[in-house]
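K.L.:
Got a predicted structure here, sequence first:
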Amino acid sequence: MDTNFPDLRQFGGAEAFLRVCKPRVVLEMFTSKWTALVMGALLDGPRRFSELRRALDGITQKMLSQTLRTLERDGLVTRTVFPTVPPRVDYELTALGRSATGILEAIGAWAGEHADAVIAARTTYDARAAEPPRPVT
């Protein structure tokens, strides 16, 4: 272990910094922007694949399929196939998925409140990064 960083596990809650811990595996699930957006699109109830695709500007069919499969595998979304012609498939948040929506809504609210500040910081950073290097005097 790097001696510059103390082992924070003794203080509790720091296991997520360890590569093999269970909380980290779950946290990684939410690092995809599409995970949060797909779950947000399902907040109002079940939706068909085509409805989700229309609602999520910029998502490809492949990425939506992959995200829904991952969310189903993780127990956050259910996939229900109705025996109609053509087959109808609905996606819906599970109880576990709904239990995570408060966190996602809080992140969304924070993003909305601070978007201008983040964009301004990026603009300032990019302008500084575009300047030629100055000699050290």
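P.N.:
Received it, and whenever you're ready, just let me know what you need. Residues are numbered from 1 along each chain as shown.
K.L.:
Setting aside sequence neighbours, what's the nearest residue to Ile107?
P.N.:
Ala36 (6.9 Å; CB to CB, 6 or more residues apart in numbering). Heads up, the C-betas are built off the backbone N, CA and C, glycines and all.
K.L.:
Please name every helix or strand in contact with the lengthiest helix in the chain.
P.N.:
Ordering each helix of the chain by length in residues (DSSP state H) puts helix 101-130 first. In terms of contacts (3 or more CB pairs under 8 Å, 6 or more residues apart in numbering; DSSP states H and E), helix 101-130 is packed against helix 33-41.
K.L.:
what comes up buried for the helix it packs on?
P.N.:
Across helix 33-41, burial judged by 16 or more other CB atoms under 10 Å covers Trp34, Thr35, Ala36, Leu37, Val38, Met39, Gly40, Ala41.
K.L.:
Give the next helix or strand downstream of that helix.
P.N.:
Following helix 33-41 in sequence order, the next helix or strand is strand 47-48 (DSSP states H and E).
K.L.:
residue ranges with poor pLDDT in the protein?
P.N.:
Residues of the chain that meet the criterion pLDDT under 70 lie in 1-20.
K.L.:
Great, nothing more from me.
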